[in-house]
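Asks: this one's sequence-less:
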């Protein structure tokens, strides 16, 4: 990530890109640091919101019984949060009536 940031900064200096634009790029730099687990969590969020998600992730997502405990693995969370299931945190969508 440091190399990419340095390349962008050098290019911006050469082209005269304003510091404000560089500050915006820095703000979103964390997106370049996402790992497979982060992407899987984002896929799970889409799944729980009933939004399109990569079907390749479906089996893994459905196997995660306690998503908050999985996401926060190794970090302290409340007992209540640790036992929340996908059903507990998913959105409620009433059945469509005809």
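Replies: Structure received. Bear in mind that the values here come from a model prediction, so they are computed numbers and not experimental data.

Asks: any idea how far stretch 52-68 is from the chain center?
Replies: 13 Å (C-alpha atoms, centre = their mean, to the nearest Å).

Asks: Could you list the buried residues of that stretch?
Replies: Within stretch 52-68, the residues that qualify as buried are 53, 57, 61, 64, 66-68, counting by 16 or more other C-beta atoms under 10 Å. Using the backbone N, CA and C atoms, a C-beta is placed for each residue, glycine as well.

Asks: List the ones among these that fall in strands.
Replies: Assigned to strands by DSSP state E, none of those qualify.

Asks: What does residue 54 show for phi and psi?
Replies: Backbone torsions of residue 54, given as degrees, to the nearest 10, read phi -70, psi 120.

Asks: coming back round to it: from the buried residues of stretch 52-68, which land in helices?
Replies: Judged by DSSP state H, these include 61, 67-68 as members of helices.

Asks: which one of those sits closest to residue 79?
Replies: The closest of these to residue 79 turns out to be residue 68 (C-beta to C-beta; 11.1 Å).

Asks: Tell me how many other residues crowd the spatially closest residue to the closest one that is not a sequence neighbour.
Replies: Of all residues not flanking residue 68 in the chain, residue 81 sits nearest, at 4.8 Å (C-beta to C-beta, 6 or more residues apart in numbering). Residues lying near residue 81 (other C-beta atoms under 10 Å) number 15.

Asks: Make sure residue 81 is actually in contact with residue 70.
Replies: No - if you go by C-beta atoms under 8 Å, residue 81 and residue 70 don't touch, sitting 11.4 Å apart.
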